[in-house]
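Student: mind looking at a prediction? Sequence and model below.
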Amino acid sequence: MHCTFLTHPEVVVDPAVPIEDWGLSPQGEARAGRAASVLPRPERLVSSAERKALDTTRVLARSWQLDAEVDARLGEMDRSATGYLDPQEFEPTVDAFFARPVESVRGWERAVDAQRRVEDAVRRLVAETPERSIVFVAHGGVGALLLASLTRVPITRELDQPGMGSAFRFDPTRWEALSTWQRIA
């Protein structure tokens, strides 16, 4: 059995709206639709509880005619301590998050804790239905952390997605990545 980890595509960035409530942009909706036609149809579909992941999952569920599940443990790293940061502040903060995984950077969830949370969620969900393929819809940061675990390398930003709306496949039984990130065209 193989699984896929898919990140939500492009969102409408609104500094006045909490990050977890951002929805997909029209471009993101279109990329989510393409993901449904490119990715193999799974037997199970599980989403983060954040709106951008839920919006992506809604498109996939409709295309694949599947019921979707929600698991909050698949959420992005908790960065509520800072909320929205403009790109000039955000990028260096993300760099520090990955570079110092055992520290809380600017009050954010530590990378090692976010990695443990997402890894635990994936392992538990797979254990519930070990014979079924699953597509997990979540976020780039925790996806990079999961990919580090699956490739047995230290946490690094080098494993970050090439852009929103990217996916990798993995074998949860052998706990190994079967691909690197692939951007949905």
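Tutor: It's in. None of the values given here were measured: they were computed from a predicted structure.

Student: just the strands in this structure please.
Tutor: Here the chain has its strands, by DSSP state E, at 3-7, 44-47, 68-70, 134-138, 166-171, 176-177, 182-183.

Student: strands paired with the first one, and their directions?
Tutor: Read it as strand 3-7. Strand 3-7 has these partner strands in its sheet, going by DSSP bridges: strand 134-138 (parallel), strand 166-171 (antiparallel).

Student: need the ones you listed in JSON lines (columns: mean pLDDT and distance to L147).
Tutor: Glycine gets a C-beta too; all of them are placed from N, C-alpha and C. As requested, those are exported to JSON lines (pLDDT from 0 to 100; distance: least, CB to CB, whole Å):
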{"stretch": "strand 134-138", "mean pLDDT": "98", "distance to L147": "12"}
{"stretch": "strand 166-171", "mean pLDDT": "98", "distance to L147": "6"}
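
Student: most packed of these?
Tutor: Mean neighbour count (mean count of other CB atoms under 10 Å) peaks for strand 134-138 among the strands paired with strand 3-7, with a mean of 27.

Student: for the nearest residue to L150 once chain neighbours are set aside, report the pLDDT, please.
Tutor: The spatial neighbour of L150 that comes closest, neighbours along the chain excluded (CB to CB, 6 or more residues apart in numbering), is A177 at 4.2 Å. On pLDDT, A177 comes in at 98.

Student: 18 is where my numbering starts, stick with that
Tutor: Yep, numbering from 18; the last one is A194 now.

Student: does P35 touch G100 like I think?
Tutor: Yes - with the criterion set as CB atoms under 8 Å, P35 and G100 qualify as a contacting pair; they are 7.2 Å apart.

Student: helices along this protein, start to end?
Tutor: Assigned by DSSP state H, the helices in the chain fall at 43-55, 68-81, 104-116, 128-145, 157-168.

Student: quick one: closest of those helices to D177.
Tutor: Proximity to D177, assessed across the helices of the chain by CB to CB, is greatest for helix 157-168 (4.6 Å).
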